[in-house]
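S.K.: Return a 3D structure for these sequence lines:
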Amino acid sequence: MLTLHHLNQSRSFRILWLLCELNALYGIPFKVIKHERTKSHLAPKELTDIHPMGKAPILVDETRGRTLAESGFIIEYLLRHYDKDGKLSPTDETWEDYAFWLHFSESSMMPPLVMRLIMSKVATKSPLLVRPIAKKIADKVESLVIQGNIAQSFGLLNAHLLDKDWIAGDFTGADVQAYFAVKALQSRGGLGRWDSLKAWLVRCENRSAYRQAVEQGGKIFE
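M.R.: Have a look, this model is predicted:
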């Protein structure tokens, strides 16, 4: 049995979606234990009882006696051990695209989005007297660092998808991994003229396993 410890509106949606894909293909059973964020919008402390990192996703594979963290690693693990016919895995010809974008999603696309979120909280949660200064600092970081990095990384994926339906040949774990970052940016109105990304999001969300994941775990962004 595979058990996913799922946190609402978090990266663990990726793993829930992939588990739904594997279940649809091979009938692989899994269960989901849902956790709710604290009032500070953080992961609850009980997750540290399951894995020292205390962050979702956490996947428990009872068959192999493993407790796993980190989205990219869990995706690789599930494909290696449970994608029996390789239907969600890259081929030898598409492996380089798959590996690059799997890692690029977290190393280059997510950091500026996280930085934007942090700076926004700094600007809005600072003491009232220093809030105007904090906002000016946040705006400066946005213009000097965040906007350029977002344009560079998301623009690169948009260009990659100009003549492709999926990131690495057919639909793979790389699409699952990249989806979270692109959806996060779209939820804040940031896709602009990146039409390839918009069309790719529609294709992702039209998959039946994606819809099942939403039914079980809720939408990523409201």
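S.K.: what about the residue nearest the centre of the chain, which SS state?
M.R.: Closest residue to the average C-alpha location of the chain: F180 at 3.3 Å, with CA atoms, centre = their mean. Following DSSP: H, G, I helix; E, B strand; the rest coil, F180 is assigned to helix.
S.K.: tell me the contacts of it?
M.R.: R11, F13, R14, S71, S105, M110, I220 (CB atoms under 8 Å, 6 or more residues apart in numbering). Where C-beta positions appear, they are placed from N, C-alpha and C, glycine not excepted.
S.K.: secondary structure element for the last one?
M.R.: Mapping I220 onto the secondary structure by DSSP states H and E places it in no helix or strand at all.
S.K.: Tell me how far the residue of the chain positioned farthest from its centre lies from P29.
M.R.: Computed with CA atoms, centre = their mean, the maximum C-alpha offset from the centroid of the chain is found at L129, amounting to 36.3 Å. Note on L129: its distance to P29, by CB to CB, to the nearest Å, is 56 Å.
S.K.: S196 too?
M.R.: 36 Å.
S.K.: In a helix, P132, correct?
M.R.: Yes: if the criterion is three-state DSSP, then P132 is within a helix.
S.K.: Test for you: state the pLDDT assigned to it.
M.R.: If you check P132, the pLDDT there is 89.
S.K.: pLDDT below threshold where in this protein?
M.R.: Along the chain, the parts satisfying pLDDT under 70 run over 222.
S.K.: which residues in it form helices?
M.R.: Taking DSSP state H, the helices of the chain run over residues 12-26, 71-82, 95-104, 110-125, 131-141, 147-160, 173-187, 195-205, 208-217.
S.K.: okay if I get those as JSON lines plus distance to R64?
M.R.: Formatted as JSON lines, the helices of the chain follow (distance: least, CB to CB, whole Å):
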{"stretch": "helix 12-26", "distance to R64": "15"}
{"stretch": "helix 71-82", "distance to R64": "7"}
{"stretch": "helix 95-104", "distance to R64": "22"}
{"stretch": "helix 110-125", "distance to R64": "28"}
{"stretch": "helix 131-141", "distance to R64": "43"}
{"stretch": "helix 147-160", "distance to R64": "33"}
{"stretch": "helix 173-187", "distance to R64": "19"}
{"stretch": "helix 195-205", "distance to R64": "29"}
{"stretch": "helix 208-217", "distance to R64": "23"}
